[in-house]
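# Fold the following.
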Amino acid sequence: MKKNILKGSGILVLIVILNLLSSSYFVRLDLTAEKRYTLSGQSRKLVKSMDKPLEVILYLNGDLNPAFDRLRTSVTDMLDELAIYAPHGIKLHQVNPSAAPDDKTRQEHYVQMDRKGMRGLSVNEHDREGKLSSKVIYPWMELIYNGDTLPVSLLKKNLNLTPQEALNTSVSELEYNLTEGIRILAITHPERIAFIEGHNEWSEAYVYEATNLLSKYYNVDRGRLSGNPEELLPYKVLIIAAPQKAFSEKEKFALDQYIMNGGRVLWLLNGTKISQQEFDATGESATLKEDVNLDDMLFTYGIRINPVTIQDMQCTAIRLASSAAGTKETYTTLPWYFAPLLIPSDKSIITHHISPLKSELVSTISFVGSDQLKREALLSTSANAHTLPVPDKVSLRYVEMPAEESYFNERNLPVAGLLEGEFTSAFINRLTPDSCTELSQGRLQKSKYTRMIVVATGSIIKNEWRGEKDEAQPVPLGYDNVSGEYLGNAEFISNAVNYLAGNEQWLSLRSRDYKLRLLNKQAIAQRGLWETINIGIPLLLVLTVGFVYSKRRKSKQ
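Numbering: from 1, shown residues only. Below is the predicted model of the structure:
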């Protein structure tokens, strides 16, 4: 008896000690193969730094199919993980925009969501009896922090992925999407970036969407180059978007010394150009090399833009009038081979999991010079491309050409690249141009460790406008008017600038991949059998154990 009391007391003391330890120390085990419930160090640090509570409104609710229900569960699980480290907590509100007493109220809900930039998704599905039903769901959430609100999309859209793969990617990028939203809301002292002007670059109107996107992270300025590189040093990244006039040696010197001091540049440069006026009038125009006097600089840094124009079987479409004179106006949709869909590299954290990019009049790049730099292709053509050298014509007659592989016989041509390392100055062994000012530490011949991205087209950052005068509205960056698809342009520009600015630790969260473990379709067809096995075998085991136990008790009596 005494022995049993001591044993019980020891167990009780052990339980008390474990409870005391658990209140002081926090331990969690993640047994999943991909460590999907393990937050990164920077995510934990970010959430711990929040000095106010975070509110989350989750709109992915209602009667969801299993795939979207899994996404919703993953969102709530991720919020639970983040809440553990949030000193002021995370408050979750779940709202179903489709819940309404009548259709009129429901439509009003949908309009309000659309005004906030959160577009609904129409989902068609069959029930077990094969009956087709349609519903509208909203794979969105809103983050509210310190009085500011930010909508966050939960559904990853990628033309290269099946719906199941897109949902799986959405789950794998949840940590990135959530922490990215929190990071944007928590920024108090944004760094500065700038668009360079003075060479007929895209005007502010045509980079409106890119500016609006980047202003979430940075203070975005616009300005002209002088001969003083010191004026550029406050800027983390410079963006040069489709210049059409030549850079002077004085301007090039300022850019070069900015780079030598560790500055970063996103170059969006056209390799060729056409006469838009001639093309609009006749439907064709000869190509010319777009010479803006930067070739020598880029060559020194290790890259060349080739004066060719790409045609690609994988492209966006063009609408052409096809009606006869005097009849009702009709249009025909045809592939426009001069507007290739650029393929992002899946090996880079800049382009991982993003959709193809909309583009037009694209050239190729070549890496040249020393292999000491890190050099990586970011965007390329499809496996069915063709290049036209200057001065071959860009012409509407190509829309009548059949897509034959014997013509489109060039594969995966690189059109954008990353260079990273220590660059040699383009002004080494050269006199300082007149009217130029050297850096306070003197002229630099070798750069600090830095980065640049070169894209052989300026089209990927340009947004169109619809409407006229006061009613004009910018078209979202990357939106294709013909197909109605949102392509990867905005995500590429955002990721490229964030990487150049040194925020790659956040982009690395997007490179996590979760294995898609799908159910066996043949096994699903035998649903009744598996339900019987899953329910019947455990019940049979319980009855068997009960029967054996009862028999043994009777035999002992």
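# use CA for all of it now, contacts and neighbours both
Noted.
# Tell me the spacing between D371 and A339.
For D371, the distance to A339 (C-alpha to C-alpha, to the nearest Å) stands at 32 Å.
# Domain-wise, how is this protein divided?
31-185, 190-281+288-308+341-388+409-511, 521-552 (automatic domain parsing).
# Name the nearest residue to R222, ignoring sequence neighbours.
If the residues on either side of it in the chain are set aside, R222 comes closest to F195, at 4.7 Å by C-alpha to C-alpha, 6 or more residues apart in numbering.
# Quick check: the one you found touching A241?
Yes. In this structure F195 lies within contact range of A241 using C-alpha atoms under 8 Å: 7.4 Å.
# which of the two has more neighbours?
Applying other C-alpha atoms under 10 Å to F195 and A241 shows that A241 carries more neighbours, namely 27 against 21.
# can the domains of the chain go into JSON lines with extra columns for mean pLDDT and distance to I15?
Converted to JSON lines, the domains of the chain look like this (pLDDT from 0 to 100; distance: least, C-alpha to C-alpha, whole Å):
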{"stretch": "domain 31-185", "mean pLDDT": "83", "distance to I15": "24"}
{"stretch": "domain 190-281+288-308+341-388+409-511", "mean pLDDT": "94", "distance to I15": "39"}
{"stretch": "domain 521-552", "mean pLDDT": "73", "distance to I15": "31"}
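# thinking again about what came up before, among D371 and A339, which residue is more densely surrounded?
A339 (23 against 9).
# and the more buried one, that's in a strand?
Yes. With the criterion set as DSSP: H, G, I helix; E, B strand; the rest coil, the secondary structure at A339 is a strand.
# Surely it and L361 touch.
Yes. Taking contacts as C-alpha under 8 Å, A339 lies within contact range of L361: 6.4 Å.
# Closest to the centroid, which residue in the protein?
Using C-alpha atoms, centre = their mean, the residue of the chain that lies closest to the mean C-alpha position is E491, 3.6 Å off.
# hey, which helix is longest across the protein?
Looking across the chain with DSSP state H, the single longest helix is helix 527-556.
# Now do the closest residue to S425 other than its chain neighbours: how many residues are near it, please.
Excluding the flanking residues, the one nearest S425 by C-alpha to C-alpha, 6+ apart is Q445, at 5.0 Å. Counted with other C-alpha under 10 Å, the neighbours of Q445 add up to 17.
# Next one: Q445 from E438, what distance?
The spacing between Q445 and E438, counted by C-alpha to C-alpha, is 12 Å.
# can you check H109 too?
Relative to E438, H109 is positioned 59 Å away (C-alpha to C-alpha).
# quick one: contacts of whatever helix or strand the residue nearest to the centre of the chain lives in?
Secondary-structure element containing E491, defined by DSSP states H and E: helix 489-500. Where contact means C-alpha atoms under 8 Å, 6 or more residues apart in numbering, the residues beyond helix 489-500 that reach it are 210, 213-214, 237, 264-266, 350-351, 354, 356-358, 451-453, 460-461, 477-478, 504, 507.
# what residues does the very next helix or strand once past that helix touch?
Past helix 489-500, further along toward the C-terminus, the next helix or strand under DSSP H and E is helix 504-507. The set of residues external to helix 504-507 that reach it, using C-alpha under 8 Å, 6+ apart, is Q42, Y176, E180, I349, I350, N495, N498, Y499.
# What is the nearest of those to G546?
For those, the closest approach to G546 (C-alpha to C-alpha) belongs to Y176, at 50.8 Å.
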